[in-house]
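Participant: I would like the atomic coordinates for the input below:
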Amino acid sequence: MKTTKKQKSLGETLGDNMKLYAVGEALQALRDLKTTKFDETIEVALNLGVDPRHADQMVRGMVSLPAGTGKEVRVAVFAKGDKAAEALAAGADKVGAEDLMEDMQAGNLNYDRVIATPDMMGVVGRLGKLLGPKGLMPNPKLGTVTPNVTQAVKDAKGGQIEFRVEKQGIIHAGIGKMSFSDEDLTKNFSAFVDAIVKAKPAGAKGKYLRKISMSSSMGPGLKIDTTEVTGA
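Facilitator: The predicted structure is shown next:
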C-alpha cells in the first residue's frame, strides 16, 4: 500500500522516541497512520514498579469500561436450578454443571469469561488445569464466583475486563475499537488507568506508574505523558 505524505511525515515524527503524547494526540496519530481496512483495537500498556513474583506486589482486578470494549464476549456459567435460569436470562452463552464440565474437558473452551455460583466450585475445581492457564478460572476476588450471576454476566457482557500484571511488571489491555469516538476511548482509558492506580499493592516501592504506551493492532506504540494521567 502506498504511503501518503501525511503518513510519511508522521512516521518521521514518531521516530523521536522521546516524544510524550497527550491521550487525544496519540489517538489522532494512530488514526492518521491507519492503513488497514479492519476495525483495529486500541491497546494500552502500563509499566509498573512492581515485582509480581512477590505476593504483596501482585496487581490484579476487574474494571468496567464505560463505553464497552467493542468485542463480543462469550460467557459460560456453572450453575443449577434458578441460578442457571437467571444466567441464561442475563445473556450467558452456555450454562450447565457436570455437563458443562465435560464439554470443556472435551476441548470446548471458546469463552472469554467463566462464572460460577459458590456451590459449583467442587465441579469447577476439576477444570483447574484447563481453565487456569487460560486465565478463565473463576475467582471470588474478581467477582466471578458469586451467587449474583445476573450481575456477573451483565458486567462481562457490558465492558468489564480483567487486568493482571505480567512477570515483567507490565499490564496491557484493549480499551475499545478505532471506530469509537475520541471521547469514548478517553473515558475507557481513564477508567482503565484509574483502576490500576487504585490497585497499587502494599509492597510496591518507589515510582509505581512508570510508563504508559498506546498503540493500535497494527500501529506503533506511542508514549503517553503520565503527568496528564497522574498529575505527578
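Participant: Report the contact partners of residue 139.
Facilitator: residue 145 (Cβ atoms under 8 Å, 6 or more residues apart in numbering). In this view, the C-beta of every residue, glycine as well, is placed from N, C-alpha and C.
Participant: ok, so what distance separates it from residue 23?
Facilitator: 31 Å (Cβ to Cβ, to the nearest Å).
Participant: cool, residue 206 as well?
Facilitator: On the measure of Cβ to Cβ, residue 206 and residue 23 end up 25 Å apart.
Participant: pull the CA atoms of stretch 40-57 into CSV?
Facilitator: The C-alpha coordinates for stretch 40-57 follow below in CSV (Å, rounded to 0.1, in the frame of the first residue of the first chain):
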residue,chain,number,x,y,z
GLU,A,40,-8.3,-2.1,14.9
THR,A,41,-8.3,-2.4,18.7
ILE,A,42,-6.7,0.4,20.7
GLU,A,43,-4.4,-1.1,23.2
VAL,A,44,-2.8,0.4,26.4
ALA,A,45,0.2,-1.0,28.2
LEU,A,46,1.4,0.2,31.6
ASN,A,47,4.9,-0.5,33.0
LEU,A,48,4.6,-0.7,36.8
GLY,A,49,7.2,-0.5,39.5
VAL,A,50,6.3,-3.9,41.0
ASP,A,51,7.8,-7.4,41.0
PRO,A,52,4.8,-9.8,40.7
ARG,A,53,7.0,-12.7,41.9
HIS,A,54,6.2,-11.3,45.4
ALA,A,55,2.7,-11.9,46.6
ASP,A,56,2.5,-8.4,48.1
GLN,A,57,3.3,-6.8,44.7
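Participant: next one: that stretch to chain centre, how far?
Facilitator: Its chain's C-alpha centre and that of stretch 40-57 lie 12 Å apart, by Cα atoms, centre = their mean, to the nearest Å.
Participant: I figured residue 101 hits residue 125, correct?
Facilitator: No: assessed by Cβ atoms under 8 Å, residue 101 is found out of contact with residue 125, at 9.8 Å.
Participant: Name the residue in the two with the higher neighbour count.
Facilitator: The residue with more neighbours, out of residue 101 and residue 125, is residue 101; 18 against 13, by other Cβ atoms under 10 Å.
Participant: Could you check how far that one is from residue 131?
Facilitator: 10 Å.
Participant: Overlap of the contact sets of these two?
Facilitator: With Cβ under 8 Å, 6+ apart as the test, residue 101 and residue 131 both reach residue 124.
Participant: Domains in the chain, by residue range?
Facilitator: 5-68+160-224, 75-158 (the TED database).
Participant: Where do the helices of the chain begin and end?
Facilitator: With DSSP state H, the ranges of helices along the chain come out as 5-14, 23-33, 81-90, 98-105, 121-124, 128-131, 149-157, 182-198, 226-230.
Participant: any residues touching the fourth one, and which ones?
Facilitator: Looking back up the chat, that one is helix 98-105. By Cβ under 8 Å, 6+ apart, the residues outside helix 98-105 that reach it are 76, 78, 94, 96, 123, 124, 126, 127, 130, 131.
Participant: quick check, nearest of the residues you listed to residue 58?
Facilitator: Comparing the contacts of helix 98-105 against residue 58 with Cβ to Cβ places residue 131 closest, at 18.9 Å.
Participant: Just the pLDDT for the closest one.
Facilitator: Each residue has a pLDDT score; the one for residue 131 is 96.
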